[in-house]
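Participant: whatever this is, show me its structure:
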Amino acid sequence: MEPIYDLIIIGGGPAGAAAGVYAARKRIQTLLIADSFGGQSTVSTEIQNWIGTVAISGEELASSLKKHVEAYAGDVLTMRTERVGKIEPKDGNFIVNTESASYTARAVLIATGSHRRKLEAIGADTFEHKGVTYCASCDGPMFEGLDLAVVGGGNAAFETAAQLLAYAKSVTLIHRSDNFIRAEPMTVEKVLAHPNMRAVKNVDILEIKGDKFANAIVYRDKKTGETTELPVGGIFVEIGQIPNTEFLKGVVDLDEGNHIIIDPRTQQTRTKGIWSAGDCTDILYHQNNIAAGDAVRALEDIYKHLNAR
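Facilitator: Sure thing, here's the model as predicted:
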């Protein structure tokens with residue numbers, strides 16, 4: 001018979017791993033459930049902003065996170081490689097159901113992360129990680145001195161463009177709409193004022209072309225129907241993230257983008273006994289280092305909660 005855990009952590013990215021380490025060190029009887037380790041960064045060829053390492057591949061980061069958690073596995077920390085499908089409150093505790101078992105805990109920390117909304121165009125999948133990337137912070141510096149394209153029209157797209165302008169030869173922002181209503185006007189004005197920046201609006205992206213590496217993006221003007229092939233050295237896609245929260249509807253409050261609504265001081269959700277950290281939450285910025293820090297904050301509050309009962 002499975003014990004009643006003090007805490008169940010769901011997720012194996014930077015937030016889940018950080019939570020697992022801190023929970024074990026605090027001697028909290030914990031079950032960590034993750035179908036994999038590393039989060040979105042697993043697919044990155046090189047990560048240059050993970051604090052403490054000059055450069056590390058996504059696979060190396062995933063392995064490092066897993067090994068760190070495994071070092072604490074034993075009497076207080078149990079690990080399961082499963083996918084969670086449902087959470088149910090019961091008698092002041094929570095039942096966490098996976099595809100193969102059910103587990104009970106007094107508290108739950110959700111760190112399921114998110115996944116990038118993928119570009120739907122011919123060749124986009126073929127050249128992913130071969131010139132098409134979804135993380136400027138991870139991969140941007142490797143494209144120094146090149147003509148780059150950013151796909152998107154919201155704040156994330158303009159922030160990516162601003163970041164790339166620091167080392168790119170030029171940046172072209174390509175947007176499907178004829179306005180930038182989803183981005184802050186001051187940010188739009190500042191970025192577009194840069195001499196190496198231009199924007200193409202109201203177009204549909206048709207195809208990503210290349211050989212071993214993407215070297216052109218093809219788009220069509222929605223008004224004129226004119227097709228343009230733009231030579232580029234790299235394509236950065238910022239068309240939104242989709243939080244991995246499908247199984248949480250009715251369990252915790254979600255915002256309109258299905259991010260978990262939390263108290264940023266404690267990481268508590270609006271459901272007593274459930275916390276959340278990382279990219280699945282409604283915080284403003286999403287980064288590996290931020291996710292790990294938010295998980296540590298959550299653990300401090302969870303420890304206080306468990307010991308107050």
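Participant: only C-alpha atoms from now on, for both contacts and neighbour counts.
Facilitator: Noted.
Participant: quick one, longest helix in this structure?
Facilitator: Scanning the chain for the longest helix, with DSSP state H as the assignment, gives helix 288-306.
Participant: who are the packing partners of that helix?
Facilitator: helix 14-25, strand 102-110, strand 274-276 (3 or more C-alpha pairs under 8 Å, 6 or more residues apart in numbering; DSSP states H and E).
Participant: mind listing the residues bridging to Y103?
Facilitator: V96 (DSSP bridges).
Participant: how near is it to D125?
Facilitator: 37 Å (C-alpha to C-alpha, to the nearest Å).
Participant: following the least confident helix or strand in the chain by mean pLDDT, which helix or strand shows up next?
Facilitator: Scoring the helices and strands of the chain by mean pLDDT, DSSP states H and E places helix 136-139 at the bottom, with a mean of 83. Of the helices and strands lying after helix 136-139 in sequence (DSSP states H and E), the nearest is strand 147-151.
Participant: which residues sit against that following strand?
Facilitator: 157, 160-161, 168-175, 231-239 (C-alpha atoms under 8 Å, 6 or more residues apart in numbering).
Participant: check stretch 51-64 too.
Facilitator: 13, 37-39, 41-50, 289.
Participant: quick check: which element contains the nearest residue to A105 once chain neighbours are set aside?
Facilitator: Using C-alpha to C-alpha, 6 or more residues apart in numbering and skipping residues adjacent in sequence, the residue nearest A105 is Y5, 4.4 Å away. Using DSSP H and E, Y5 falls within strand 4-10.
Participant: which elements pack onto that strand?
Facilitator: Strand 4-10 sits against helix 14-25, strand 30-33, strand 102-110, with contacts defined as 3+ C-alpha pairs under 8 Å, 6+ apart.
Participant: go with 6 Å
Facilitator: strand 30-33, strand 102-110 (3 or more C-alpha pairs under 6 Å, 6 or more residues apart in numbering; DSSP states H and E).
Participant: ok, back up a step: quick check: buried residues in the least confident helix or strand of the chain?
Facilitator: Neighbour-count burial for helix 136-139, counted by 16 or more other C-alpha atoms under 10 Å, picks out 136, 138-139.
Participant: thinking again about what came up before, now the longest helix of the chain, how far from the centre of its chain.
Facilitator: 17 Å (C-alpha atoms, centre = their mean, to the nearest Å).
Participant: got the buried residues for it?
Facilitator: Quick answer for helix 288-306 (16+ other C-alpha under 10 Å): 288, 290-303.
Participant: skipping its backbone neighbours, what lies nearest A216 in space?
Facilitator: Spatially, and ignoring its direct neighbours in sequence, A216 is nearest to P231 (4.2 Å; C-alpha to C-alpha, 6+ apart).
Participant: surely the one you found is in contact with A214?
Facilitator: No: with contacts counted by C-alpha atoms under 6 Å, P231 stays clear of A214, the gap being 9.2 Å.
Participant: compare neighbour counts for those two and give me the winner.
Facilitator: Of the pair P231 and A214, A214 is the one with more neighbours under other C-alpha atoms under 10 Å, namely 23 against 16.
Participant: show me where the stretch 1-150 of the chain dips below the pLDDT cut-off.
Facilitator: By pLDDT under 70, the low-scoring segments of the stretch 1-150 of the chain are 1, 43, 45.
Participant: can we see that at 50?
Facilitator: Along the stretch 1-150 of the chain, segments meeting pLDDT under 50 are nowhere present.
Participant: need the contact list for the closest residue in space to I274 that isn't next to it in sequence.
Facilitator: Beyond its immediate neighbours in the sequence, the residue positioned closest to I274 (C-alpha to C-alpha, 6+ apart) is V108, lying 4.8 Å away. Residues near V108 by C-alpha atoms under 6 Å, 6 or more residues apart in numbering: 7-9, 274.
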